[in-house]
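# Got a predicted structure plus its sequence, pasted below:
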Amino acid sequence: MKKILYVFSALALIFTSCSSDSDSSSDNPSATILPKRIVETYYLDGSVDEVVTSNLTFNGNKLAAIVYEGSIEKDVFTYSGDLITKIEHFENDVVVGMENFGYDGQGRLQFWEDYGGAALDQLYQNDAFTYNPDGTILRNHYSDGVLMSTHKFYLENGEVSKIESINESTGEAEPGLTRIITHDDKNNAYKNILGYNKALYMVYFESATNEGFQKNLLTCTSSGGAFNINWNFEYVYNSNNYPTSIMKNLNSVESQFVQFFYE
């Protein structure tokens, strides 16, 4: 979760009215199910490389903070209504980084900004989003004011089904790389966190920590680029069809095991 939600700063997700707001706690008891503790174990060449334990606190269904065990770090979330507008990153109770989220009149993510520096006035990177009439979404990613990459997102049943990478002259995206994504029909561990599915596309598939919006990612395969992606995620679910664990098989040397503990 640490890497998921810092990449709510550097991985991550625009989600619009394409995602349903009908799962309110008033008419759906499972809408009160929230992840309170997440343990991520990272493997490299079959050996444990890192273990990250995150403790999440909430105000209702709004994410208030994430505190990382055995670390000096925590993340604090600010909302406007039901939308996440700011994440502050703390070390020893001092703010060392800040992310801002801006939305259009329809509640769709319009921009994301990542600030740092002593006065938090240095814009390190930012994203801008364009919503096309055909339902696709363009994400332009900038670093130090320079356009680095463009991604085009295709949605199916409220989930990302395909991502096309467009290379720029100074780009970091693989030219011509297309990712095809499949999902299960179960509940995503984070689906009941208000604002989560609105603020995720800037991080989508820039690392393997993302697991979907309302449902769960099963596979991600690529074609057309200089390297191949072939992810396979294996889930164990509880009686409410929320994942209790995920084994993420990423490549021949890297894998991740994630455990969820709910309220």
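That came through, no problem.

# right, and the helix or strand after the least confident helix or strand in the chain by mean pLDDT?
Least confident helix or strand, the chain: helix 2-6 with a mean of 42, by mean pLDDT, DSSP states H and E. Sequence order places strand 35-44 as the next helix or strand after helix 2-6, per DSSP states H and E.

# what's the offset of that following strand from the middle of its chain?
On the basis of CA atoms, centre = their mean, to the nearest Å, strand 35-44 sits 15 Å off its chain's mean C-alpha point.

# Repeat that for stretch 94-113.
Using CA atoms, centre = their mean, the offset of stretch 94-113 from its chain centre is 14 Å.

# Only the buried residues of that stretch, if you could.
The neighbour-count check on stretch 94-113 (16 or more other CB atoms under 10 Å) flags 97-101, 103, 107-110, 112-113 as buried. Heads up, the C-betas are built off the backbone N, CA and C, glycines and all.

# show me the contacts for Pro35.
Pro35 makes contact with 1, 56, 189-190, 193, 260-263, according to CB atoms under 8 Å, 6 or more residues apart in numbering.

# swap the cut-off to 10 Å and go again
Counting by CB atoms under 10 Å, 6 or more residues apart in numbering, Pro35 makes contact with 1, 54-56, 58, 63, 188-190, 192-193, 242-243, 259-263.

# quick one: which of the residues you listed sit in strands?
Of those, the ones assigned to strands by DSSP state E are 54-56, 58, 63, 243, 259-262.

# and which of those is nearest Gly81?
In terms of CB to CB, no member of the ones in strands among the contacts of Pro35 lies closer to Gly81 than Leu63, at 14.1 Å.
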